[in-house]
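In: Kindly generate the corresponding structure for this input.
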Amino acid sequence: MAWLCLVYFAMQDKVYATNRKAFHDYHILEDVEAGLALTGTEVKSVRAGRVNLREAFARVQNGEAWLWNVHIAPYERGTAWNHEPTRTRKLLLHRREIDRLAGQTRQTGVTLVPLSVYDKRGHIKVKLGVAKGKREYDKREAIAEREARRDIERAVRDIERRR
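Out: Numbers count the residues shown, from 1 in each chain. As a prediction, this is how the structure comes out:
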């Protein structure tokens, strides 16, 4: 039985970075998992957790999907052939997925935003969100809802403590 638990925990995905700002700035319509074409020093740096998705986005150009502005810090023990931190990286997707994403991003206001970078069974993956930009009042609504939810949870917790 202990062996089965060990195998289960070994299969869990390890998340290296998330793009929390994307959920604040965009309505996420759908998400897609894509592989990432990385060099050796990039893989080591990502596994060390040194990746930043803050200003990143994805595009479909010439029938290929590309990830732009992802900052993967240079590997500390790298040599003179260390990677460039913000180079454009190729996304590994099936042809049908690329065509579908290209069709969706042709709509006005729709873009591809990386939501997280994680390890899945030894492969570095990125979760892309098909996103539509939020307006300023949408952001204020989301903040108000979040604060109302916190107030309700706080009130329920206080009532439970008094019992």
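
In: What ranges does this protein have for its helices?
Out: Counting by DSSP state H, the chain has these helices, from start to end: 2-10, 20-25, 40-47, 95-105, 136-162.

In: The nearest residue to Thr41 once chain neighbours are set aside - how many residues pack around it?
Out: Nearest non-adjacent residue to Thr41, counting by CB to CB, 6 or more residues apart in numbering: Tyr75, 4.0 Å away. For every residue, glycine as well, the C-beta is placed using N, CA and C. Neighbours of Tyr75 under the rule other CB atoms under 10 Å: 20.

In: What of Lys90?
Out: 14.

In: give the contact list for it.
Out: 36-37, 64-67 (CB atoms under 8 Å, 6 or more residues apart in numbering).

In: Could you give the bridge partners of it?
Out: Residues in a beta bridge with Lys90, per DSSP bridges, are Trp66.

In: Before we move on, what's the pLDDT of it?
Out: You'll see Lys90 listed with a pLDDT of 94.

In: do you know how far it is from Lys139?
Out: In this view, Lys90 and Lys139 are 32 Å apart by CB to CB, to the nearest Å.

In: next one: Trp66
Out: From Trp66 to Lys139 the distance is 28 Å (CB to CB).

In: Please identify which of those two sits among more neighbours.
Out: Trp66 (16 against 12).

In: Tell me the pLDDT of Val15.
Out: Confidence score, pLDDT, at Val15: 92.

In: In this structure it contacts Val117, no?
Out: Yes: contact criterion CB atoms under 8 Å: Val15 and Val117 qualify, at 7.5 Å.
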